[in-house]
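>>> kindly generate the corresponding structure for this input.
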Amino acid sequence: MDLGIPTYGETLVDKEIYDRLRTEGEILEKIAPKVIKEKYIQDKEYVEARVLYDAFFRTPGEIRLVSKNVFVQGIKQGTEEKLFGYGYLEDGEVVCKYIGEEPDVNLAEGEIIINADICKKQIQKQIQREQEQKTAVFFPKEIESSINRGEQVIKDTIATSYHEQKITKIKLKLNVLVGQLSTVAGIARALTTQFDNCSIEITLTATDGKLKQSDYEDKIMEALRQAGIEIMEEEKE
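Predicted coordinates:
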């Protein structure tokens with residue numbers, strides 16, 4: 001006997017049984033996203049959506065839902081509220097596709113409800129990758145290679161002079177051309193192996209040219225913000 005919403009042809013007894021089960025909480029017309037989170041994925045990385053839905057009907061004592069749409073709506077609401085994420089398994093790896101927005105839920109094989117912490121970590125990694133791509137134009141691979149070479153030279157120099165007189169503080173004021181930045185960066189990175197505190201203050205000066213205000217904001221300032229570089233003083237004309 002179907003315990004869903006009574007349709008044409010069902011008896012009054014069927015409707016009474018349905019109403020009683022609904023009143024007693026044995027059958028639900030709505031599932032709260034918080035229930036999905038706390039009962040099924042609180043201590044897990046993910047749970048397969050279809051497997052969980054089937055368990056509602058196959059597991060004794062488990063909750064009963066009026067329809068599949070009740071479960072789907074619960075998933076959508078919870079994903080939008082960032083209580084959990086929604087995505088899929090790809091070669092055994094969890095891929096979070098939705099969180100903070102309405103997901104496309106079909107309850108197909110491989111679709112999963114994901115612990116929100118997993119989604120947040122994946123989002124953070126994606127942001128870091130995007131930041132690296134945005135700042136790559138200011139720090140190409142050839143400069144990185146030059147930095148590594150410069151760093152190794154400084155390390156070798158420090159190693160050979162181990163028994164010499166020790167310096168406890170270094171402060172250098174340099175006039176550096178753009179093409180020489182890699183050398184300074186390599187020196188600074190090498191010094192961090194010998195000193196607990198090592199920082200560089202840079203005065204960037206550009207003259208005898210023109211730059212659009214939009215390019216200044218979208219490319220220069222945004223790149224600095226994305227890299228987390230503090231702007232101590234700003235002057236432009």
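
>>> do you know the pLDDT at residue 143?
pLDDT recorded at residue 143 is 52.

>>> check contacts around the spatially most central residue of the chain.
Taking CA atoms, centre = their mean, the centroid of the chain lies closest to residue 123, which sits 1.5 Å from it. Contact analysis of residue 123 by CB atoms under 8 Å, 6 or more residues apart in numbering lists 96, 99. Every residue, glycine included, has its C-beta placed from N, CA and C.

>>> sec struct for it, please.
Of the three states, residue 123 takes helix according to DSSP: H, G, I helix; E, B strand; the rest coil.

>>> domain parsing for the protein?
With domains defined by automatic domain parsing, the chain comprises 12-118, 132-226.

>>> just these: most buried one?
domain 12-118 (a mean of 16; mean count of other CB atoms under 10 Å).

>>> where do the strands sit along the protein?
27-28, 46-48, 64-65, 84-90, 93-98, 111-115 (DSSP state E).

>>> for the last one, packing partners?
Pointing back at strand 111-115 there. strand 46-48, helix 49-58, strand 84-90, strand 93-98 (3 or more CB pairs under 8 Å, 6 or more residues apart in numbering; DSSP states H and E).

>>> got the angle between the third one and strand 111-115?
With axes from the mean of the first three to the mean of the last three CA atoms, to 10 degrees as the basis, strand 84-90 and strand 111-115 are set at 130 degrees to each other.

>>> just the mean pLDDT for strand 84-90, thanks.
Here the average pLDDT along strand 84-90 is 95.

>>> partner strands of that strand, parallel or antiparallel?
strand 93-98 (antiparallel), strand 111-115 (antiparallel) (DSSP bridges).

>>> gap between it and the chain center?
13 Å (CA atoms, centre = their mean, to the nearest Å).

>>> ok, residues contacting that strand?
By CB under 8 Å, 6+ apart, strand 84-90 touches 33, 36-37, 41, 46, 48-49, 75, 78-79, 94-99, 103, 105, 110-116, 118-119.

>>> tell me how far residue 204 lies from residue 223.
12 Å (CB to CB, to the nearest Å).

>>> what distance do you get for residue 185 to residue 57?
62 Å.

>>> ditto for residue 209
Residue 209 is 71 Å from residue 57, by CB to CB.

>>> and for residue 67?
12 Å.

>>> distance of residue 188 from residue 220?
Residue 188 is 22 Å from residue 220, by CB to CB.

>>> on the pLDDT front, check the nearest residue to residue 77 once chain neighbours are set aside for me.
Spatial nearest neighbour of residue 77, excluding adjacent residues (CB to CB, 6 or more residues apart in numbering): residue 33 at 4.9 Å. Residue 33 carries a pLDDT value of 92.

>>> for residue 134, same thing?
Reading off the model, residue 134 has pLDDT 61.

>>> also residue 3?
Looking at residue 3, the pLDDT reads 46.

>>> with residue 116 instead?
So residue 116 comes in at 94 (pLDDT).

>>> I'd say residue 192 and residue 198 touch.
Yes. Using CB atoms under 8 Å, residue 192 makes contact with residue 198 at a distance of 4.8 Å.
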